[in-house]
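Novice: Just need the structure, nothing else, for what follows:
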Amino acid sequence: MKKSLKERLAILSDAAKYDASCASSGTTKRDSGGSGGLGSTEGSGICHAYAPDGRCISLLKILLTNFCIFDCAYCINRSSSNVERARFTPDEVIWLTLEFYRRNYIEGLFLSSGIIRSSDHTMEEMVRVARELRTTHQFRGYIHLKTIPDASPALIAEAGLYADRLSINIELPTDQGIGQFAPEKKPAGIRRAMGDLRLKIEEASEPTLQTKRRRTFVPAGQSTQMIVGADGASDATILGTSARLYGSYGLKRVYYSAFSPIPDASSKLPLIKPPLMREHRLYQADWLYRFYGFDIGEITASAPDGNLDLDLDPKLAWALGNREKFPVDVNKAPKEMLLRVPGFGTKTVRAILSSRRQRRLRLEDLGRLSVSLRKVQAFIVADGWTPHRLIDRTDLRGMFAPQPQQLALF
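Specialist: Reported below is the predicted structural model:
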């Protein structure tokens, strides 16, 4: 019996939760006010993603279909999986997007898909959704498409004309892992598609000779998703791969997705507890690399097995392993060193640099900046404050590590 639209929506929205690359930051400001059309890349609503300034961006996040001709061992929608299947037509996705917007449920669309028939056929249907939303219905909201790396470059290029962001999944951190668990996918082809997309984005960013205006092509850039925990790659390997991706392809974001296998007989992987804390630590380490001036080798140097400390955030773990660099004088230290103090974020450092031009800062001044004094006091010198022997305490780690908790027995 054919499933209703509501039943298919329940299946395909639930299946889409495994796609982590879902953020609408970075695109151009665009709305339909005064110009006709529908949608906006701004505003707030049901929260699915956050912009850097804290705005909630509500996105309809669905799969076109969870049927797939590939049999990737880590994927819930692999061809050998026994999950319930469903499929939308492009017209149904378009209708759902417009109706959800009119009801003020969403401000944009995140669309991914299993591969049906062929990569090109799947990509053609996804492009059709984006093209008709933009051209036929004048939809101005945010659109993020998960592209198919094996699809025709012409199709991916057309997708970039209508989507705010495109993402091509790198899948796993190593080529060996992809060969073992997703043999139908080719790492060289994935990288080639990412490279081609970067060239097109850079080309579009150059002003044309005739109008001196830049063309609109994937204004929010490209991102990728990496599965964490499906293979034996260490955190050092994962982060090293991310660093190369950022450098080689100009990615806006690498998303880490904790591997959580579905307990069915067709799975080729062992059942493990979802490594959600590991995923969280990887995001923190990724942030240190992108915005705090850390090298990947520094972040993972203290771990003999190349894995991050799950009990402590990576910056605090680095500081405890490099105590000779502390304490740092908040009234004299350069920006680069202040960014390495546990508990100091980029906004806090900017506020410190601005405030100390006017006066010498005391510990209570940092408290007014919403800094956790408990976390920073061992690592800084301020006017009227020195940590004395605090930084040299043998039990300093114990001051920050989470306390043991009694597990519930019933």
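Novice: Where does the prediction get shaky in the stretch 101-250 of the chain?
Specialist: Within the stretch 101-250 of the chain, the ranges that satisfy pLDDT under 70 run 208-214.
Novice: Please, where are all the helices along it?
Specialist: In the stretch 101-250 of the chain, the helices defined using DSSP state H, counting those that start in this stretch lie at 119-135, 153-162, 175-181, 187-205, 235-249.
Novice: closest one to Lys335 among these?
Specialist: helix 235-249 (21.4 Å; CB to CB). Just so you know, the C-beta spots here come from the backbone N, C-alpha and C atoms, and that holds for glycine as well.
Novice: So which bits of that closest one are buried?
Specialist: Judged by neighbour count (16 or more other CB atoms under 10 Å), helix 235-249 contains these buried residues: 235-243, 245-246, 249.
Novice: Pick the one among the residues you listed closest to Thr147.
Specialist: Tyr249 (13.2 Å).
Novice: residues contacting that closest one?
Specialist: 191, 194-195, 197-198, 222 (CB atoms under 8 Å, 6 or more residues apart in numbering).
Novice: between the residues you listed, which has the most around it?
Specialist: Neighbour counts for the contacts of Tyr249 were taken using other CB atoms under 10 Å; the highest belongs to Leu197, with 27 neighbours.
Novice: isn't it right next to Ser167, touching?
Specialist: No. The criterion here is CB atoms under 8 Å, and Leu197 misses it with Ser167 at 9.6 Å.
Novice: on that earlier part again, any chance of the buried residues of helix 235-249 in TSV, plus distance to Asp120?
Specialist: Formatted as TSV, those follow (distance: CB to CB, whole Å):
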residue	distance to Asp120
Asp235	36
Ala236	37
Thr237	33
Ile238	31
Leu239	34
Gly240	33
Thr241	28
Ser242	29
Ala243	32
Leu245	25
Tyr246	29
Tyr249	22
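Novice: Closest one of those residues to Ala151?
Specialist: Among these, and counting by CB to CB, the member closest to Ala151 is Tyr249, at 17.1 Å.
Novice: Roughly how far does the residue nearest to Ala401 when sequence neighbours are not counted sit from Glu107?
Specialist: Nearest non-adjacent residue to Ala401, counting by CB to CB, 6 or more residues apart in numbering: Asp311, 4.9 Å away. Separation of Asp311 from Glu107 (CB to CB, to the nearest Å): 38 Å.
Novice: more crowded one of these two?
Specialist: With neighbours defined as other CB under 10 Å, Asp311 and Glu107 compare such that Glu107 has more, 28 against 13.
Novice: I'd guessed that one sits against Ile57; true?
Specialist: Yes. With contact defined as CB under 8 Å, Glu107 reaches Ile57; the gap is 5.9 Å.
Novice: rewinding a little: tabulate the helices of the stretch 101-250 of the chain (a markdown table), appending distance to Lys61.
Specialist: Formatted as a markdown table, the helices of the stretch 101-250 of the chain follow (distance: least, CB to CB, whole Å):
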| stretch | distance to Lys61 |
| --- | --- |
| helix 119-135 | 14 |
| helix 153-162 | 17 |
| helix 175-181 | 25 |
| helix 187-205 | 21 |
| helix 235-249 | 23 |
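Novice: tell me the secondary structure for the residue at minimal distance from the centre of the chain?
Specialist: Central residue of the chain (CA atoms, centre = their mean): Tyr255, 3.3 Å from the mean position. At Tyr255, secondary structure determined by DSSP: H, G, I helix; E, B strand; the rest coil is strand.
Novice: partner residues bridging it?
Specialist: For Tyr255, the beta-bridge partners are Gln225 (DSSP bridges).
Novice: That one touches Gln225, doesn't it?
Specialist: Yes. Here Tyr255 reaches Gln225: they are 4.6 Å apart, a contact under CB under 8 Å.
Novice: Can you give the domain ranges for the protein?
Specialist: With automatic domain parsing as the criterion, the domains of the chain are listed as 5-300, 323-400.
Novice: how about TSV for the ones you listed, with distance to Leu316 added?
Specialist: Shown next, in TSV, are the domains of the chain (distance: least, CB to CB, whole Å):
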stretch	distance to Leu316
domain 5-300	10
domain 323-400	4
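Novice: Could you look over these and pick the most buried one?
Specialist: domain 5-300 (a mean of 18; mean count of other CB atoms under 10 Å).
Novice: Might you quantify the distance of it from its chain's geometric centre?
Specialist: When distances are taken as CA atoms, centre = their mean, to the nearest Å, domain 5-300 is centred 9 Å away from the chain's centroid.
Novice: Excluding residues flanking it in the chain, which one is nearest Pro327?
Specialist: Closest to Pro327 by CB to CB, 6+ apart is Val381, at 4.8 Å.
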